[in-house]
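Undergrad: please work out how this folds:
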Amino acid sequence: MKFARITKLLTAVWLFGLLLAFGCSSNNPITPDDDDNNQNVSQAAKSASNSSVDIYRNMSAFQEIDDLISGPDQIADLEIPEVENPGNAMKFAKSIQQKVIGRFRLAKRGVDIQSANGDSVIWDVVFEENGITYRSKLVYDDTEGTAHLYLVGFEFPENHPLSYDSTDVRADLNSTLLNDSDDVLLSLNVLKRFKPGQLIQEERASFVPDPHDPGTEPTGGVLTNDITYSNSNFISSTSARFEYHQGEGGSYFKESTFSDGSTSREEATFNEDGTGTFSELRRDGSQIEGEFDTGRQDGQGSFSLTTTFPAGHDPVSISESGEFTIDDSDSTVQGSFDREVIFQDGRRENESVSVDQMRVGDVLTTTLNVEKSDGSGGFITIVETDDVDKVSGEWTNADETFVVFSAESYTDNSAHLEFDVYESEVAFENGEEPIASGVFDFYPDGSGRGTVTDGEQTYDVTIHPDGSETIEPRS
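TA: Residues are numbered from 1 along each chain as shown. As a prediction, the model looks like this:
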């Protein structure tokens, strides 16, 4: 198995989320305890909160489905400049090497080599790439034939989410500095720090490959990922570990810690034939169990899962399944998935989502078309960019209110969503003012917090992991 992506939806250091963050229906997702809190809330504020849950749920759902049907390949992805996966880490090192050698002609001009603790500093330079200022340093041990490459991005454009981005590559060059055909990757470490105001504060990742022949890409190894969130967020941290070995299969484990002391965990197994199982225990006691086929053998991927809520909860359960076709020519996915929510009174609510991906050059665009049995639905467009994905779309609620939204979606399944609500789609097209607007932050477990402003009234909204809402007027 080669650590190459089948398809890429969200880009940043890791695509570690594995299990579907499916909340309950948002048609009337208010528990009895919440009803008293929400009875003095305007219909516009309720519609805005409901549609936000629906939008996030479908963004999250496809992110996780994309990971599942892509299997170990996608989970092992690293998104740093010019590195698409751990197996290409040395390509990244070599590209920097060639840029610097080409620019300064170090190899031909016989530039003096600096001594550093017995090693040799081949270069230590600062350059600009795509509006980002980098410092690159290569230290070479001619005794051992190993190299240590550092690359640090420390000056970013104002609208870029990162403030610091460092990559540390260690490799055995087999005593041939300028010959890359016999190189062996030893380790790769990444550290990203985000600017204030971002959901994520810091992200650390590492990859230690299995032994592999010189000049070849790793076929397995161990990856770890640790994320620290901003102090304003309800989730505090996540820690994940992924292990895969060719001919043996692999496993995945992730634990999230929240500011109230609660935790959640996710687990998955990957078989060598491309099939696998997964499970999740959320902090509210909800359990998710399922299985998947990555489509590695025939290009036909699929998944099925069941979410069971704690006793006394309404809804009782959610059943979901989908099938996808993977195009090897451009690594895009076409397909659909369905969801059925079962309530205590036996009522069932259904939802179907079609998925269409298109790649133009290096840009992957995913469009989700959602139809619900209550008449609500819309489209969600996801365009991958560096470090966060840009999301936009339109949504029509069952009461015909119309929502226009934009969002930033992160690798860990969290998202920042902003939206305007109009009386109807016709009102929007006629240029009328929105009747409500809002901002929400969603966390990896499906919970979230935000505000909705309806006229002169502002509401504080809490989204629970099951998708239910508590809406409180701000005094």
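
Undergrad: max-length strand in this protein?
TA: strand 348-360 (DSSP state E).

Undergrad: C-alpha coordinates for that strand, CSV please?
TA: In CSV, the C-alpha atoms belonging to strand 348-360 read as follows (Å, rounded to 0.1, in the frame of the first residue of the first chain):
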residue,chain,number,x,y,z
ARG,A,348,-39.1,8.5,10.8
GLU,A,349,-37.4,11.4,9.0
ASN,A,350,-35.3,10.8,5.9
GLU,A,351,-32.6,12.7,4.1
SER,A,352,-30.6,12.0,0.9
VAL,A,353,-27.3,13.7,-0.2
SER,A,354,-25.7,13.5,-3.6
VAL,A,355,-22.0,14.1,-3.9
ASP,A,356,-20.2,15.5,-7.0
GLN,A,357,-16.5,16.3,-7.1
MET,A,358,-14.6,18.2,-9.7
ARG,A,359,-10.9,18.8,-10.0
VAL,A,360,-9.4,21.7,-12.0
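
Undergrad: and that strand, what's buried?
TA: With burial defined by 16 or more other Cβ atoms under 10 Å, the residues of strand 348-360 counted as buried are 349, 351, 353, 355-357, 359. Quick note: C-beta positions are derived from backbone N, CA and C, even for glycine.

Undergrad: likewise for stretch 220-237?
TA: Those would be 220-221, 223-225, 227-230, 233-237, for stretch 220-237 by 16+ other Cβ under 10 Å.

Undergrad: list the contacts of residue 395.
TA: 51, 54-55, 376-378, 402-403, 405 (Cβ atoms under 8 Å, 6 or more residues apart in numbering).

Undergrad: redo these as JSON lines? Include pLDDT.
TA: Below are these laid out as JSON lines (pLDDT from 0 to 100):
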{"residue": "51", "pLDDT": "85"}
{"residue": "54", "pLDDT": "83"}
{"residue": "55", "pLDDT": "86"}
{"residue": "376", "pLDDT": "91"}
{"residue": "377", "pLDDT": "92"}
{"residue": "378", "pLDDT": "93"}
{"residue": "402", "pLDDT": "95"}
{"residue": "403", "pLDDT": "93"}
{"residue": "405", "pLDDT": "93"}
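
Undergrad: residue 422: which of those residues is nearest?
TA: residue 402 (4.5 Å; Cβ to Cβ).

Undergrad: wait, isn't the closest one in contact with residue 420?
TA: No - the pair residue 402 / residue 420 is not scored as a contact, 9.1 Å apart, by Cβ atoms under 8 Å.

Undergrad: more crowded one of these two?
TA: residue 402 (23 against 17; other Cβ atoms under 10 Å).

Undergrad: so what sits opposite that one in the bridge?
TA: residue 396, residue 422 (DSSP bridges).

Undergrad: equivalent analysis for the one 4 residues further on, please.
TA: Residues in a beta bridge with residue 406, per DSSP bridges, are residue 392, residue 418.

Undergrad: give the contact list for it.
TA: 390-392, 417-419.

Undergrad: can I have the buried ones of these as a PyMOL selection?
TA: To isolate the buried members of the contacts of residue 406 in PyMOL, using 16+ other Cβ under 10 Å:
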select buried, resi 391+417+419
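
Undergrad: same list (the contacts of residue 406) but as JSON lines, adding pLDDT.
TA: Formatted as JSON lines, those follow (pLDDT from 0 to 100):
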{"residue": "390", "pLDDT": "91"}
{"residue": "391", "pLDDT": "92"}
{"residue": "392", "pLDDT": "95"}
{"residue": "417", "pLDDT": "92"}
{"residue": "418", "pLDDT": "95"}
{"residue": "419", "pLDDT": "93"}
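
Undergrad: I'd like to know which of the contacts of residue 406 is nearest to residue 305.
TA: Using Cβ to Cβ, those come closest to residue 305 at residue 391, 23.2 Å.

Undergrad: other residues contacting the longest strand of the chain?
TA: By Cβ under 8 Å, 6+ apart, strand 348-360 touches 7, 25, 27, 58, 61-62, 322, 324, 330-343, 364-374.

Undergrad: show me what that strand pairs with in its sheet, parallel or antiparallel.
TA: Per DSSP bridges, strand 348-360 is paired in its sheet with strand 332-342 (antiparallel), strand 363-372 (antiparallel).

Undergrad: got those strands as TSV, with mean neighbour count and distance to residue 188 columns?
TA: Formatted as TSV, those follow (neighbours: other Cβ atoms under 10 Å; distance: least, Cβ to Cβ, whole Å):
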stretch	mean neighbour count	distance to residue 188
strand 332-342	19	27
strand 363-372	18	23
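
Undergrad: rebuild the ones you listed as a markdown table, extending it with distance to residue 215 and mean pLDDT.
TA: Output for the strands paired with strand 348-360, formatted as a markdown table (distance: least, Cβ to Cβ, whole Å; pLDDT from 0 to 100):
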| stretch | distance to residue 215 | mean pLDDT |
| --- | --- | --- |
| strand 332-342 | 30 | 90 |
| strand 363-372 | 29 | 91 |
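
Undergrad: before we move on, back to that, tell me which two of the buried residues of stretch 220-237 sit farthest apart.
TA: So, those by Cβ to Cβ: farthest apart are 220 and 234, at 35.4 Å.

Undergrad: re the thing from before, which one of the buried residues of strand 348-360 is nearest residue 271?
TA: Within the buried residues of strand 348-360, the smallest distance to residue 271 is 24.3 Å, found for residue 355 (Cβ to Cβ).

Undergrad: many thanks, we can stop here.
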